[in-house]
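**Student:** Give me a 3D structure for the following:
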Amino acid sequence: MQRREAREFVLSLLYRHEFVETPLADLLDEADTGDQRSYVERVYLGILDRRAELDALIGERTVGWRFERLALMDRNILRLGAFEILYLPEVPPQVALDEAVELAKKYGTENARSFINGILDRIWKESGRHAGAEREAGCRGAAGEAGATGEGPCGKRASA
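**Tutor:** Presented below is the predicted three-dimensional model:
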């Protein structure tokens, strides 16, 4: 199973959880998650554990809409994307955002794509991970550029 398929599987588990609570072990028996099993377990259980926190965070950013009024699938895509951005440092935030938009294209409502993109982009930028990603990209792009002090823009000595 690829990571994208694992995300889709987690999304299906979250949607199912809206109606029926089933033990995770039983749910995992339904699909061969292969090397993505730990990802599926970590994300699914993490979202359930932090559901109220994620819902509040998302709800604060749904201007003009109450969180409860969002379509179930859109809500779960937002939960998944926000969880990856905030709690999975090994997943680049831009990847989490892009994957959420792809899920919205496939499973979301008509305007979900842009709505989800906007909400998750705000969460990403407000999380502080955005500044770190920009700084890191700037350091890579400015390699070898030394100022008068002999240091590059990222505080590293420029090589001669």
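**Student:** pretty sure residue 31 contacts residue 1?
**Tutor:** Yes. Applying C-beta atoms under 8 Å, one finds residue 31 in contact with residue 1, separated by 7.3 Å. Where you see a C-beta, it was placed from the backbone N, CA and C, and this is true even at glycine.
**Student:** Identify the contacts common to the two.
**Tutor:** By C-beta atoms under 8 Å, 6 or more residues apart in numbering, residue 31 and residue 1 have these common neighbours: residue 9.
**Student:** Pull the number of nearby residues for residue 63.
**Tutor:** For residue 63, the neighbour count with other C-beta atoms under 10 Å is 8.
**Student:** Over to residue 66?
**Tutor:** Taking other C-beta under 10 Å as the neighbour definition, residue 66 ends up with a count of 8.
**Student:** With residue 117 instead?
**Tutor:** 16.
**Student:** distance of it from residue 23?
**Tutor:** 34 Å (C-beta to C-beta, to the nearest Å).
**Student:** Same question for residue 64.
**Tutor:** 38 Å.
**Student:** now residue 35
**Tutor:** 22 Å.
**Student:** ok, now residue 106?
**Tutor:** 27 Å.
**Student:** More neighbours: which of those two?
**Tutor:** Using other C-beta under 10 Å as the criterion, residue 106 and residue 23 rank with residue 106 on top: 13 against 8.
**Student:** Only the buried residues of the helix or strand containing the more buried one, if you could.
**Tutor:** Assessed by DSSP states H and E, residue 106 sits inside helix 93-107. For helix 93-107, the neighbour count (16 or more other C-beta atoms under 10 Å) marks 93, 96, 97, 99, 100, 101, 102, 103, 104, 107 as buried.
**Student:** how far out from the middle of the chain is it?
**Tutor:** 8 Å (C-alpha atoms, centre = their mean, to the nearest Å).
**Student:** Dump it to CSV, keeping only the CA atoms.
**Tutor:** Taking Å, rounded to 0.1, in the frame of the first residue of the first chain, the C-alpha atoms of helix 93-107 are listed here in CSV:
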residue,chain,number,x,y,z
PRO,A,93,3.3,20.3,5.6
GLN,A,94,3.1,21.1,1.8
VAL,A,95,2.7,17.4,1.1
ALA,A,96,0.0,17.1,3.8
LEU,A,97,-1.9,20.1,2.3
ASP,A,98,-1.5,18.8,-1.3
GLU,A,99,-2.7,15.3,-0.4
ALA,A,100,-5.7,16.8,1.4
VAL,A,101,-6.6,18.8,-1.7
GLU,A,102,-6.3,15.6,-3.8
LEU,A,103,-8.6,13.8,-1.4
ALA,A,104,-11.1,16.7,-1.6
LYS,A,105,-11.0,16.5,-5.4
LYS,A,106,-11.9,12.8,-5.2
TYR,A,107,-14.2,12.6,-2.2
